[in-house]
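> Structure, please.
(one chain, ligands or ions: 3)
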Amino acid sequence: MTAIPASAASRPDSGGASPSVPRHVAIIMDGNGRWAKKRGLPRAAGHKAGAESVRKVLKAAGEAGVQCLTLYAFSSENWRRPETEISDLMGLLRFYLKAELSALHKQGVRIKIIGDYKVFPEDIVKMLEDAMALTAGNDRLTLAVALNYGSRDEMARAARILAGQVAAGSMKADAITPEAVDNLLYTADLPPLDLLIRTSGECRLSNFLLWQAAYAEMLFVDTLWPDFGGEAFRGALDDFARRERRYGGL
Ligand code: IPE
Ligand code: IPE
Ligand code: MG
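Ligands and ions are numbered 1, 2, ... in the order given. This next block holds a predicted model:
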C-alpha cells in the first residue's frame with residue numbers, strides 16, 4: 001500500500017490521491033456519427049476514430065493519477081440502431097480487445113465490464129471474461145467499460161436482488177439503505193464518481209450512472225468524441241480542480 005499524504009488523508013473520499021485529481025471519471029463518448037458525417041465518411045469510420053480517442057484518454061488518465069475511468073461504449077438503448085451499425089460496433093470491440101489487451105495488461109490496467117454484457121455474441125463474452133480474468137490483479141488504473149449498460153436496469157436489478165433477500169428472510173426491509181443499494185450496483189467496487197464528462201454538445205445522461213452521479217461534477221463539452229484526446233482530457237481535469245464541492249454542506 002502506498003502512503004497517504006497527510007493533507008489527503010484528512011479528506012474522507014480522497015483515497016490518497018491529491019483531492020484535486022478525480023479518482024473516478026466517467027465519459028459518455030458521444031459524437032462519432034456526426035464526426036464521420038462531417039467528413040462524408042460512414043458512421044463506422046467515426047466509431048473507429050473514437051477507439052483512438054479511448055487510447056489517448058486512457059493514457060492521459062493514467063498519467064494524471066486517475067484511479068478509475070468508466071466509459072459508456074454501448075447503452076441498453078443502442079440496440080435500437082440498425083443491425084449493420086451494431087455489428088460494426090461489435091467488430092470494433094473484438095478488434096480493440098485483441099489489439100490492446102496485452103498492452104493494457106502490461107500497463108497495469110484492470111478491465112471491468114459493467115452492464116449486461118452476457119447477451120453479446122458468445123465469442124465476445126468469452127473475450128471480455130478472459131480480459132477481466134487476466135487483468136483482475138492489476139491496480140494502476142481500472143478501466144470500466146459499460147456494455148449493454150442502462151442505469152435503470154442496474155437499479156431494478158439491485159431492487160430485485162434485495163426483494164429476493166427480503167423474501168428469503170436474509171435481509172430486513174428496514175436495512176435497505178442507500179449503502180445497501182450501492183453495494184449491489186455494478187460499480188460497487190469502484191471509487192465514488194467524481195467527474196462525468198459528455199462530449200458532442202448533448203446535455204443529457206442517456207441512462208448512464210444516474211445513481212452514481214448524485215454528487216458527481218458534470219462537464220458537457222461540444223467536442224465530438226473522435227476529436228477528444230489527451231489535451232482535452234487534461235483540460236477537463238483542470239476544470240474539475242477549480243470546482244468547489246459542497247455535498248449539501250457549506
Ligand atoms: C457514440 O457516438 C458512440 C455510441 C453510442 C456507440 P454516436 O454513434 O452516438 O454518434 P452521434 O451521436 O450519432 O454523432
Ligand atoms: C449514449 O449516446 C450512449 C453511448 C455513448 C454509448 P447515444 O448517442 O446513444 O445517446 P442519445 O441517443 O443521443 O441520448
Ligand atoms: Mg450519439
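> What is the burial count for the closest residue to residue 188 other than its chain neighbours?
Ranked by CB to CB, 6 or more residues apart in numbering and with sequence neighbours excluded, the top spatial neighbour of residue 188 is residue 182, at 6.5 Å. No exception for glycine: its C-beta is placed from N, CA and C like everyone else's. As a burial measure, the neighbour count of residue 182 was computed by other CB atoms under 10 Å and equals 14.
> again with residue 154
Other residues close to residue 154 by other CB under 10 Å number 25.
> tell me the pLDDT at the residue sitting furthest away from the middle of the chain?
Here the centre of the chain is the reference, and by CA atoms, centre = their mean the most remote residue is residue 169, at 34.1 Å. On pLDDT, residue 169 comes in at 98.
> what's the following helix or strand after the helix or strand bottoming out on mean pLDDT in the chain?
Ranking every helix and strand in the chain by mean pLDDT, DSSP states H and E puts helix 6-9 at the bottom, with a mean of 36. Where DSSP states H and E defines the elements, the next helix or strand beyond helix 6-9 is strand 24-28.
> That next one and ligand 2, are they touching?
Yes: using CB under 6 Å from any ligand atom as the criterion, contacts between strand 24-28 and ligand 2 involve residue 28.
> Tell me where this structure has strands.
In chain order, the chain shows strands spanning 24-28, 68-75, 109-114, 141-149, 195-198, 217-220, with DSSP state E as the criterion.
> Spatially central, which residue of the protein would that be?
To find the centre residue of the chain, average its C-alpha atoms and take the closest one (CA atoms, centre = their mean): that gives residue 70, at 1.6 Å.
> tell me which residues form a beta bridge with it?
Residue 70 has these beta-bridge partners by DSSP bridges: residue 26, residue 144.
> ok, residue 33 - contacts?
Residues in contact with residue 33, defined by CB atoms under 8 Å, 6 or more residues apart in numbering, are 43, 46.
> and it, how far is that from residue 145?
According to CB to CB, to the nearest Å, residue 33 and residue 145 sit 19 Å apart.
> and what of residue 27?
Using CB to CB, we find residue 27 at a distance of 11 Å from residue 145.
> is it true that residue 196 touches residue 29?
No: when contacts are counted by CB atoms under 8 Å, residue 196 is not listed as touching residue 29 (12.0 Å).
> rewinding a little: the strands of the chain: which one's closest to residue 128?
With CB to CB as the measure, strand 109-114 is the member of the strands of the chain nearest residue 128 (5.3 Å).
> quick check: angle from the closest one to strand 68-75?
40 degrees (axes from the mean of the first three to the mean of the last three CA atoms, to 10 degrees).
> Do strand 109-114 and ligand 2 come into contact?
No: contact check for strand 109-114 against ligand 2, using CB under 6 Å from any ligand atom: none in range, with a minimum separation of 12.1 Å.
> Test my guess that residue 55 contacts residue 99.
No: with the criterion set as CB under 8 Å, residue 55 and residue 99 do not qualify as a contacting pair; they are 9.7 Å apart.
> Which one of the two is surrounded by more residues?
Ranked by neighbour count (other CB under 10 Å), residue 55 and residue 99 place residue 55 first, with 16 against 12.
> Quick check: the gap between the more buried one and residue 65.
Summarising the geometry, the distance separating residue 55 from residue 65, computed by CB to CB, is 18 Å.
> what number of residues lie near residue 31?
Using other CB under 10 Å, the number of residues around residue 31 comes to 25.
> Contacts only, for it.
46, 199-201, 223-227.
> so how far is residue 186 from residue 211?
Between residue 211 and residue 186 the distance, using CB to CB, works out to 11 Å.
> More neighbours: these two, which one.
residue 186 (22 against 16).
> Report pLDDT for the residue nearest to the more buried one when sequence neighbours are not counted.
If you skip the residues right next to it in sequence, residue 186 has residue 114 as its closest partner in space, 3.7 Å away by CB to CB, 6+ apart. Reading off the confidence values, residue 114 has pLDDT 98.
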